[in-house]
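Trainee: take this sequence and fold it.
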Amino acid sequence: MLDQLDLSQVFVLDIETVPQYPSYYEMSEYFQELWNLKTQAKRIDPPETPEEYYPRAGIWAEFGKIVCISIGIFNKEQQQTGLRIKSFASEDEIELLKEFSILLSKQSANLILCAHNGKEFDFPYLCRRMLINGLPIPTQLQVSGKKPWEVNHLDTLDLWKFGDYKNYTSLDLLAAVFGIPTPKDDIHGSDVHWVYWQERDLSRIKTYCQKDVLTTAQLLLRFKGLSLIPEELITIIE
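Mentor: Okay, here's the model as predicted:
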């Protein structure tokens, strides 16, 4: 599987998102109405008020924002595959999106972007937030007018489905199935909003994001039938 994939041409990425405001009541009344309509069908089981449901707002690009983007870059060290991880984390979304775009501008237009559930979440979310913030979409993220085989996006969830679209398989489950060690985190994806808005601990979110990038990179190696990256060949670039 993926025998022809050149890892040197792959960037593994993950994004972390949060609601745009600390609470529902800090949105304008008009946006409160739009949020109520957007989530109406999702708040019925169990019944929840719009205010109670608001911590989930980060999953929608219209109501959320990106606070961290982590990138994993494969490299060769002593005939072994290593990984360098770089993160862009900021309370200023425009700043981190610009920095991420600059990094992509220095890469080949044929660079392959890889993420777990990236086609449904990370890639379109990045594009939407760039448009909302008045930024150009980098070449590697553009899909408009392209045929499916011309889009250099790799999704480990999509690969695992093998054409089966019935269910979602989490990154944690696939890591367990393939024997990929993952450190026990003190937070999960559903905790990111309060870690950001209540604890104001962006460094914790960045660490969580980096671990997801590492796990996705290790999963990609498993799909290629390769050995996992040893800890000593994992480098965090500050």
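
Trainee: for Pro47, give me phi and psi.
Mentor: phi -60, psi 130 (degrees, to the nearest 10).

Trainee: what's the local residue count around it?
Mentor: 7 (other C-beta atoms under 10 Å). Where C-beta positions appear, they are placed from N, C-alpha and C, glycine not excepted.

Trainee: same question for the one 3 residues further on.
Mentor: Applying the criterion other C-beta under 10 Å, we find 18 residues in the vicinity of Pro50.

Trainee: quick one, what contacts it?
Mentor: 24, 32, 35-36, 39, 43 (C-beta atoms under 8 Å, 6 or more residues apart in numbering).

Trainee: now flag whichever of those is closest to Gly189.
Mentor: Checking those against Gly189 by C-beta to C-beta gives Thr39 as the nearest, at 18.0 Å.

Trainee: quick check: which element contains the closest one?
Mentor: Assigned by DSSP states H and E, Thr39 belongs to helix 29-39.

Trainee: does anything pack onto that helix? Which helices or strands?
Mentor: helix 50-53 (3 or more C-beta pairs under 8 Å, 6 or more residues apart in numbering; DSSP states H and E).

Trainee: for the helix it packs on, the averaged confidence score.
Mentor: On average, the pLDDT along helix 50-53 is 96.

Trainee: may I have that helix exported as CSV, CA atoms only?
Mentor: This file holds the C-alpha atoms of helix 50-53, laid out as CSV (Å, rounded to 0.1, in the frame of the first residue of the first chain):
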residue,chain,number,x,y,z
PRO,A,50,-27.9,26.8,22.2
GLU,A,51,-25.8,28.1,25.1
GLU,A,52,-25.0,24.6,26.3
TYR,A,53,-24.0,23.5,22.8
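
Trainee: could you point out which element follows the lengthiest helix in the chain?
Mentor: When the chain is parsed with DSSP state H, its longest helix is helix 202-223. Per DSSP H and E, the first helix or strand lying C-terminal to helix 202-223 is strand 234-237.

Trainee: which positions in that following strand come out as buried?
Mentor: Ile234 (16 or more other C-beta atoms under 10 Å).

Trainee: ditto for stretch 105-123
Mentor: Buried, per 16+ other C-beta under 10 Å, within stretch 105-123: 112-118, 121-123.

Trainee: now do the helices in this structure.
Mentor: With DSSP H as the criterion, the chain has helices spanning 29-39, 50-53, 93-105, 122-132, 156-161, 171-177, 192-197, 202-223.

Trainee: which of the buried residues of stretch 105-123 fall in strands?
Mentor: 112-115 (DSSP state E).

Trainee: and those as JSON lines, adding distance to Ile66?
Mentor: Shown next, in JSON lines, are these (distance: C-beta to C-beta, whole Å):
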{"residue": "Ile112", "distance to Ile66": "21"}
{"residue": "Leu113", "distance to Ile66": "15"}
{"residue": "Cys114", "distance to Ile66": "18"}
{"residue": "Ala115", "distance to Ile66": "13"}
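
Trainee: still on that earlier bit, which two among the contacts of Pro50 are spaced furthest apart?
Mentor: Gln32 and Arg43, at 13.7 Å, using C-beta to C-beta across the contacts of Pro50.

Trainee: I figured Leu104 hits Pro136, correct?
Mentor: No. In this structure Leu104 lies outside contact range of Pro136 using C-beta atoms under 8 Å: 10.8 Å.
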